[in-house]
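Chemist: Sequence first, predicted coordinates after that:
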Amino acid sequence: MDRRAMKKIFFSNKMTVICAVLLLLVILASLLAPLSPYDPDAVNVAERLQGMSGRHILGTDDLGRDTFTRALYGGRVSLLVGSAAMCVAVLAGTFIGTVSGYSGGRIDMVCMRIVDIFLSVPSLLFIIVVYAFMPRNIMTLVLMLASFSWTKVARVVRAQTLSLKERDFVTAAKALGVSRGRIIWRHIIPNLMPQVIVAASLSIANAILDESALSFLGYGVQLPMASWGSMLQSAQQYILHNPILAVVPGTMILITVLCFNVMGDMLQQILDPKLVK
């Protein structure tokens, strides 16, 4: 599909355009968080639990920290963790999915049984248990989230690889004596990119949700570092008296995850010619 057709499909869906603008605003605001005049971790008890004002746009939390600033820095952490976990999951899932689908036989059986084992384990509970014995930092959190996200990517990639390896261009490459690795790298993976891109957009949304849930439970990003999940955890005891503390991070999570999911659906429609009417 040419670029004009892609643009036409994209701009014909108002919901997608709105989500793209909102997502861009969230990303830009998070990146520009250091421009805020407030320190996200600076405690000022004299200004605790203040309402919205000209000085503090969204008020302050129980320790006098600016809620708007912490939401921006929380977005940096959530987006960083989600993006990093997505990259690791996509790389691992694409590699295992292509090798499994192209090889077939015992290799395919072993790889898929490993995927089934990971899918049968309650991921959040397992991460909490593992997290108790490992250093509580962002690197550990990313690896834990990616260790369960790659399975969905691997299944999608394997299914598409099973179809691609029967195509004429793969058969011709085999007849010319091209090695298995070169066929996977030069012919299979480039034709998988539409499915991989869609899987990546959905994977990052799931990673942000999981990170927020773990931080809310106290097993994700550690205080005083701000994340949307940790902000929700701190706000739960004040939700009746100062609900803005919970509304702000909750709304940010909702908008970001919704926008990634909508964008994923649109990317699938644009990149998959079979879905274009």
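Modeler: It's in.

Chemist: just checking, Gln50 touches Asp61?
Modeler: No. Contact between Gln50 and Asp61 fails when scored by Cβ atoms under 8 Å: they sit 9.3 Å apart. Heads up, the C-betas are built off the backbone N, CA and C, glycines and all.

Chemist: who has more neighbours, those two?
Modeler: Between Gln50 and Asp61, counting by other Cβ atoms under 10 Å, Asp61 is the more crowded of the two (25 against 18).

Chemist: Could I get the contacting residues of the more buried one?
Modeler: Counting by Cβ atoms under 8 Å, 6 or more residues apart in numbering, Asp61 touches Arg48, Leu49, Thr67, Arg70, Met231, Ser234, Ala235, Leu245.

Chemist: Show the pLDDT at the closest residue to the second one other than its chain neighbours.
Modeler: Distance criterion Cβ to Cβ, 6 or more residues apart in numbering; nearest residue to Leu49, sequence neighbours excluded, is Asn242 at 5.5 Å. Looking at Asn242, its pLDDT reads 82.

Chemist: next one: Lys277
Modeler: Reported pLDDT for Lys277: 48.

Chemist: Then Lys7?
Modeler: Note on Lys7: pLDDT of 71.

Chemist: do you know how far it is from Val221?
Modeler: Applying Cβ to Cβ, to the nearest Å, the value for Lys7 to Val221 is 38 Å.

Chemist: Between those two, tell me which one has more neighbours.
Modeler: It is Val221, of Lys7 and Val221, that has more neighbours when counted by other Cβ under 10 Å, with 25 against 11.

Chemist: wait, Thr67 sits on His56?
Modeler: Yes. Using Cβ under 8 Å, Thr67 makes contact with His56 at a distance of 7.0 Å.

Chemist: Perfect, that will be all.
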